[in-house]
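Student: Fold the following, please.
(4 chains)
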2 protein chains.
Amino acid sequence: MKPDLFPRRSDCPINYALETFGDKWTLLIIRDLMFKEKTYYGDFLSSNEKMSTNILADRLKRLEERDLVTKTVDENNRAKSIYALTEKGKDLLPMLMEITLWSGKYYKKTNTPKQFLKQLENDKQGVIEGIRTNWES
Amino acid sequence: MKPDLFPRRSDCPINYALETFGDKWTLLIIRDLMFKEKTYYGDFLSSNEKMSTNILADRLKRLEERDLVTKTVDENNRAKSIYALTEKGKDLLPMLMEITLWSGKYYKKTNTPKQFLKQLENDKQGVIEGIRTNWES
DNA sequence: CTGTATCCTTAGGGATACTG
DNA sequence: CAGTATCCCTAAGGATACAG
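Tutor: Model (predicted):
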């Protein structure tokens, strides 16, 4: 793994996380990779939040630089790339689950089904498959 | 509790979280309130990340609007205010712990002691006191 | 010291055109 | 479709002055 050689405001772990994915867009890409099995450039563009192409390209590049995401050529269509989470990226799952639980508790309009939040609360391990099948677009 | 009446890009819970505290500064204030028991305006300014006064004022206002933080007059010195986490704010603790664990695994320079990360891993509940005593500034 | 306000520069990001 | 590039406006935010 590449060393992290980006300028930092401090050595605080919270700050490290913020400087790695702390903006209004990056975590949406992680979400799509983790829960929606999106893999192509166009997949990310089609999300509800409507991110623009320059932002997407920029964030994918940053995620690659920070070793959260890999970019490989699709052998079935060498004109496009497959984006995938690294171990470092996949390890954000527990954090994403906690975020989902928190939002589920306080954001009444969340599109995550109530019974699914309950299931998440009871079994925080090994739920990624459940997430993938239950998550609404 | 006030209803959430802010414009949203989507009803996704991850997106809700991003629109509530998804920027490079807000979570640092939450961190200071949660782990360092900072309560005054100047306390936040003195953190390592050196946020400027206009940013701090703006973020504190947003956090109040979103019911993560309360602002009350200090009866010992009525010229200053005491900032504190609401239940909604305190409920971010599990997420902050997961962030700390993740950064501890991948950010080698983190100032969080190794044995403390191990303790956090083993006992994710009821560790707030431990965090407060072990956290380095 | 607690905040607010202002000035000003840079970064974020929407729209869209363009290339392979 | 995948991805880059440009145009241009707005938001973020550093520095600093100022008021209570």
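
Student: switch to C-alpha atoms for all contacts and neighbour counts from now on
Tutor: Will do.

Student: Can you tell me what sits against the helix or strand A:K71 falls within?
Tutor: In this structure, A:K71 sits in strand A:69-73 according to DSSP states H and E. By Cα atoms under 8 Å, 6 or more residues apart in numbering or on different chains, the list of residues contacting strand A:69-73 from outside reads A:60, A:63-64, A:79-86, A:89.

Student: again, only using 7 Å
Tutor: By Cα atoms under 7 Å, 6 or more residues apart in numbering or on different chains, the surrounding residues in contact with strand A:69-73 are A:63-64, A:80-86, A:89.

Student: what's the answer for stretch A:42-56, then?
Tutor: Counting contacts by Cα under 7 Å, 6+ apart, the residues touching stretch A:42-56 from outside are A:29, A:32, A:38, B:9-10.

Student: Are any of the contacts of strand A:69-73 buried, and if so which?
Tutor: Among those, those scoring as buried are A:63-64, A:81, A:83-85, A:89 (criterion: 16 or more other Cα atoms under 10 Å in any protein chain shown).

Student: could those residues be laid out in a markdown table, adding pLDDT and distance to B:V73?
Tutor: Formatted as a markdown table, these follow (pLDDT from 0 to 100; distance: Cα to Cα, whole Å):
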| residue | pLDDT | distance to B:V73 |
| --- | --- | --- |
| A:L63 | 97 | 43 |
| A:E64 | 96 | 47 |
| A:S81 | 95 | 56 |
| A:Y83 | 97 | 51 |
| A:A84 | 96 | 50 |
| A:L85 | 95 | 47 |
| A:G89 | 96 | 43 |
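
Student: among those, which are in reach of DNA strand D?
Tutor: With Cα under 7 Å from any atom of the strand as the criterion, the buried ones among the contacts of strand A:69-73 include A:S81 near DNA strand D.

Student: Between the buried ones among the contacts of strand A:69-73, which sits nearest chain B?
Tutor: Checking the buried ones among the contacts of strand A:69-73 against chain B with Cα to the nearest Cα, the nearest one is A:G89 at 9.7 Å.

Student: who are the neighbours in contact with the closest one?
Tutor: In this structure, A:G89 makes contact with A:68-69, judged by Cα under 7 Å, 6+ apart.

Student: One more: A:I14?
Tutor: A:I14 makes contacts with B:99-100, as judged by Cα under 7 Å, 6+ apart.

Student: how close does it sit to B:L68?
Tutor: When distances are taken as Cα to Cα, to the nearest Å, A:I14 and B:L68 turn out to be 18 Å apart.

Student: Over to A:E64?
Tutor: Using Cα to Cα, one gets 33 Å for the distance from A:E64 to B:L68.

Student: for A:K50, same thing?
Tutor: Distance from A:K50 to B:L68, by Cα to Cα: 27 Å.

Student: repeat for A:M97
Tutor: If you go by Cα to Cα, the gap between A:M97 and B:L68 works out to 19 Å.

Student: Show me which of the two is the more surrounded one.
Tutor: Looking at A:M97 and B:L68 with other Cα atoms under 10 Å in any protein chain shown, you find the greater number of neighbours at A:M97, namely 24 against 21.

Student: what pLDDT does the residue of chain A found nearest DNA strand D get?
Tutor: Relative to DNA strand D, the nearest point of chain A is A:G42 (3.2 Å; Cα to the nearest atom of the strand). The score at A:G42 is 96. That number is its pLDDT.

Student: same check, this time on the one 4 residues further on
Tutor: pLDDT, the model's per-residue confidence, is 94 for A:S46.

Student: Any figure for the gap between it and B:K88?
Tutor: If you measure A:S46 against B:K88 using Cα to Cα, the figure is 31 Å.

Student: all strands for chain A, in order.
Tutor: Read by DSSP state E, chain A holds these strands, from start to end of the chain: A:69-73, A:81-85.
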